[in-house]
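Engineer: Next comes the sequence, and after it the predicted model I'd like to discuss.
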Amino acid sequence: MSGNATGRAGEAVRRAAGATQAGPGGEALERTGPVVARALQILGAFTADRRALTLSELSRRAGLPVSTVHRLAAELVAWGALERDQRGCYHVGLRLWEIGSLAPRGQGLREAALPYLEDLSHVTRENVQLAVREGTEAVFLERIAGTVAVPVLTRVGGRFALTSTGVGLVLLAHAPVDVQEIVLATPVRRHTERTMTTLGELRAALADTRARGYAVSDRQISLDTLSVAAPVRDGTGRVVAAVSLVVRYGTAHPRALAPLVRTSARAISRALGHAGQEGSTERRVPAVPAAPPSRPPVG
């Protein structure tokens, strides 16, 4: 998982902290803000690539005085939101993980999906993932590592751009048009020479995803991985999640993996109350004309 992608979680906490730093009439409060805002700023200082921070680092990254951070960090440690190791570095505590696991959106979906994810993992012995869309990112709710699986960069709770992964392409293909346009207007980070970065490539990939009922991410993140993902629908027919199978590139063709992934996705959808057709009445971003056959497949 890239630090830039997972660091968005910390940014969200910092935005929440900033939102509390205005009085009823809109006037700015003192720089350090109220206690809750300062505590959120401290927690928001941690990112995927900075999981252990000293007191001075916490102070600098949170933008708070050392004395304030020292006092609040001690309270957060006592409560379990932070832990302090023998070197004096602070880490996010398990108490936060316990609370985060209670989020209703992810918990109910994960519980419904887990038996089918485990079945898919058992049959294929490959990486199986479940993700949802939050804003313009894919958030991973579950990942089961296969016994012969290729290493992947994703992790439970981690985030990735919607254009970068198979699950992301599925979620983006079925997202509201305004979300699609925001994502497509945002520059794409190139992970490999296969990463789709042009508007034409991305629109074609989304159109392909909707037409065939699954997405293919072909060496988009790393040159040794390929993923196939399919949509999960709730009782109203709305796409609420995506399931993917990630394999080592060259070991299987996407068309051979797609039936397995789609079967799992349909089973999870039924568990969520969906009994209709896979089609949807959602509006779509217009697709570009199909590319000539000589162009390498996108996904």
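Structural biologist: Now that the structure is in, tell me what you want to look at.

Engineer: Excluding chain neighbours, what is closest to residue 85?
Structural biologist: Excluding the flanking residues, the one nearest residue 85 by CB to CB, 6 or more residues apart in numbering is residue 91, at 6.7 Å. C-betas here are computed from N, CA, C, even on glycine.

Engineer: wait, the one you found sits on residue 51?
Structural biologist: Yes - taking CB atoms under 8 Å as the definition, residue 91 is a contact partner of residue 51 at 6.2 Å.

Engineer: tell me the pLDDT at the closest residue to residue 170 other than its chain neighbours?
Structural biologist: Spatial nearest neighbour of residue 170, excluding adjacent residues (CB to CB, 6+ apart): residue 242 at 3.9 Å. Residue 242 carries a pLDDT value of 96.

Engineer: List the residues that contact residue 242.
Structural biologist: 130-132, 138, 166-168, 170-171, 215, 229-232, 265 (CB atoms under 8 Å, 6 or more residues apart in numbering).

Engineer: And stretch 47-64, what's buried?
Structural biologist: Applying a neighbour-count criterion of 16 or more other CB atoms under 10 Å, one finds 47, 48, 53, 55, 58, 59, 61, 62, 64 buried in stretch 47-64.

Engineer: secondary structure element for the fifth one?
Structural biologist: I take that to be residue 58. Per DSSP states H and E, residue 58 falls inside helix 55-62.

Engineer: still on that earlier bit, just the buried residues of stretch 47-64 now: which is nearest residue 124?
Structural biologist: Ranked by distance to residue 124 (CB to CB), the buried residues of stretch 47-64 are led by residue 48 at 27.2 Å.

Engineer: Got phi/psi on that closest one?
Structural biologist: Main-chain dihedrals, residue 48, degrees, to the nearest 10: phi -60, psi -30.

Engineer: coming back round to it: could you pick out which of the contacts of residue 242 are located in helices?
Structural biologist: Those of the contacts of residue 242 mapping onto helices are 166, 167, 168, 170, 171, 265, per DSSP state H.

Engineer: Hmm, the fourth one is touching residue 229, no?
Structural biologist: Yes - under the contact definition of CB under 8 Å, residue 170 touches residue 229, with a separation of 4.7 Å.

Engineer: Sort out which residues of the helix or strand hosting the residue nearest to residue 85 are buried, please.
Structural biologist: Following DSSP H and E, one finds residue 91 within strand 90-92. In terms of neighbour count (16+ other CB under 10 Å), strand 90-92 has its buried residues at 90, 92.

Engineer: For it, which helices and strands make contact with it?
Structural biologist: Identification of packing neighbours for strand 90-92 by 3 or more CB pairs under 8 Å, 6 or more residues apart in numbering; DSSP states H and E yields strand 82-84.

Engineer: pretty sure residue 244 contacts residue 131?
Structural biologist: Yes - Residue 244 is within contact range of residue 131, at 7.4 Å (criterion: CB under 8 Å).

Engineer: More neighbours: which of the two?
Structural biologist: residue 244 (33 against 29; other CB atoms under 10 Å).

Engineer: which SS state does the closest residue to residue 222 other than its chain neighbours fall under?
Structural biologist: Excluding its sequence neighbours, the residue lying closest to residue 222 (CB to CB, 6+ apart) is residue 192, at 6.5 Å. When classified by DSSP: H, G, I helix; E, B strand; the rest coil, residue 192 comes out as coil.

Engineer: where do the strands sit along the stretch 51-200 of the chain?
Structural biologist: Here the stretch 51-200 of the chain has its strands, by DSSP state E, counting those that start in this stretch, at 82-84, 90-92, 127-134, 137-144, 159-161.

Engineer: Now for residue 66: which residues touch it?
Structural biologist: By CB under 8 Å, 6+ apart, residue 66 lies in contact with 55, 56, 59.
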